[in-house]
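K.L.:
How does the following fold in three dimensions:
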Amino acid sequence: MLAIDLLALVVLAVSLRDLSISGDDWIRFGVLALGSATQTEAGREIERLRWTAAEGATYANLKSMWIFAAVLVLPPLLAIGITALSFLHSGLRLRRTAPHRSIFSAASVVVGSAAASVSLAAVNPAGHPGYEGGFIGLIAVVVAAVAFWFVNYALVVGAILLSNPETNARKVLGRSSDHLVVFGALGLGVANGALLMEQPWLTVVLLITVLGLHRALLVGQFQFAARTDSQTGLANAVFWHELAGKELERAQHGETSLGVLYLDLDHFKLVNDTYGHLAGDQVLKVVANELKDDVRTDDLVGRLGGEEFAILLPNTSAEETSQAAERIRRRISRITANVTTARGQTTVEGLTCSIGAASYPAAGSTLDELLLAADTATYAAKNGGRNQVVTAPAMS
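P.N.:
Numbers count the residues shown, from 1 in each chain. You can find the predicted model right below:
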């Protein structure tokens, strides 16, 4: 971290060699600084939650939209100024962190910006600072964007892994959707830079558009997270019941059949007692993945709590529902889960489950009736010796 901080200071020292800053540069600097601050304030509450949730992993945001635009159209010293102001404002308004962490994050972006500037100058020397169109201009900004992303990403990932070697590497590397957010921000940075050079007033339209999309996407993202079980990635009980009710309405209107499965892992307390709750959580995730892989695209798998799962099977007859339950039971029995315990890596196998199956309209005409029928059938399976499927009888 100290090495990167020192390297950023070297970049700053080099940028001081060129102090030829025009009045237009200061105007563009002010527009970018104001835009960055406005975006931070508009999404402050949601971004604070995202920042907290990203602890121990890379944090994807739209800050690059303003910083990369500054790299494209401003002298290096002013581009560094945008980076400093952006991180200072975020640190004060989103989440206060240890100074050395904030400084390192800003320094990594400064180094990435330097790599982008070098790339721009190498591909299209006459067009930087500024934005030059045409094919060469396109190649230049693409190469610069990749350099900006790669250097910053590699430095942040490296720092996280070095500071905490036991961190889950997959979590640190981030999801592909996070990288798409970053590249989207860089693309917006290119558009921002082009507008600043040609039609500065249109940056206001771009800012309003970004704010609207940013807030709508993040709110939707958190709504989805609130409906998802954090341990397994499945629909949680509330969301599963909501969607199951809507599917039942479709079945009623279309006069089609529908199946419901209740699955309860047998003797799962023994797994927790033997290997620990952390290992138990890992086993639940493996089971969830097996269930998602087994069902069809339009089926819905949810976790009701503990070791209990529910599966909704639209457009499925009573016979098909029972067949699906038996297929799932056999699949669970073949699971081999590699888990981490206090004593190291081990393997959990020999899992079994009891499944209750109920079908609409035979076992019930309302969601409550179907759920009660499936739940009762699950208890019958467990009382009958476990590791079996019991189908709820048709209503008389």
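K.L.:
Nearest residue to Gly350 in space, please, no chain neighbours.
P.N.:
Ser333 (7.9 Å; CB to CB, 6 or more residues apart in numbering). C-betas here are computed from N, CA, C, even on glycine.
K.L.:
Next, the contact list for that neighbour, please.
P.N.:
Counting by CB atoms under 8 Å, 6 or more residues apart in numbering, Ser333 touches Gly350, Leu351, Thr352, Cys353, Asn387.
K.L.:
Out of these, grab the one that's most surrounded.
P.N.:
When neighbours are taken as other CB atoms under 10 Å, the top entry among those is Cys353 (27 neighbours).
K.L.:
give the contact list for that one.
P.N.:
For Cys353, the contacting residues are Leu263, Asp264, Leu265, Asp266, Ile328, Arg329, Ile332, Ser333, Asn387, by CB under 8 Å, 6+ apart.
K.L.:
Tell me the bridge partners for it.
P.N.:
Leu265 (DSSP bridges).
K.L.:
any idea how far it lies from Glu307?
P.N.:
Separation of Cys353 from Glu307 (CB to CB, to the nearest Å) stands at 9 Å.
K.L.:
Quick one: low-confidence residue ranges for this protein.
P.N.:
Judged against pLDDT under 70, the low-scoring parts of the chain cover residues 45-60, 94-98, 127-128, 130-133, 164-172, 174-175, 177, 213-226, 396.
K.L.:
would you list every one of the strands in it?
P.N.:
Under the criterion DSSP state E, the chain carries strands at the ranges 258-265, 300-305, 308-314, 336-341, 344-349, 353-360, 389-391.
K.L.:
how far off strand 300-305 does the first one point, in degrees?
P.N.:
Translated: strand 258-265. The directions of strand 258-265 and strand 300-305 differ by 40 degrees, with axes from the mean of the first three to the mean of the last three CA atoms, to 10 degrees as the criterion.
K.L.:
same question, the fifth one
P.N.:
Direction vectors for strand 344-349 and strand 300-305, defined by the same axes, to 10 degrees, enclose an angle of 110 degrees.
K.L.:
which residues are in contact with strand 344-349?
P.N.:
Contacts to strand 344-349, defined as CB under 8 Å, 6+ apart, come from residues Val271, Tyr275, Ala279, Val283, Ile335, Thr336, Ala337, Asn338, Val339.
K.L.:
check contacts around Leu263.
P.N.:
Under the criterion of CB under 8 Å, 6+ apart, the neighbours of Leu263 are Leu291, Glu308, Phe309, Ala310, Ile311, Ile328, Ile332, Cys353, Ser354, Ile355, Thr378.
K.L.:
make it 7 Å
P.N.:
Contact partners of Leu263, counting by CB atoms under 7 Å, 6 or more residues apart in numbering, are Phe309, Ile311, Ile328, Cys353, Ile355.
K.L.:
ok so, going back, the strands of the chain into TSV, with extra columns for distance to Glu198?
P.N.:
Written out in TSV, the entries for the strands of the chain read as follows (distance: least, CB to CB, whole Å):
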stretch	distance to Glu198
strand 258-265	57
strand 300-305	50
strand 308-314	52
strand 336-341	55
strand 344-349	58
strand 353-360	61
strand 389-391	67
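K.L.:
Out of these, the one nearest Gln199 is which?
P.N.:
Between Gln199 and the strands of the chain, the tightest spacing by CB to CB is seen for strand 300-305, at 48.0 Å.
K.L.:
can you list the residues that contact the closest one?
P.N.:
So strand 300-305 is contacted by 229, 232, 234-237, 240, 243-244, 288, 291-292, 295, 309-312 (CB under 7 Å, 6+ apart).
K.L.:
still on that earlier bit, from the contacts of Ser333, pick the one nearest Ala115.
P.N.:
Looking across these and measuring by CB to CB, the closest to Ala115 is Leu351, at 49.7 Å.
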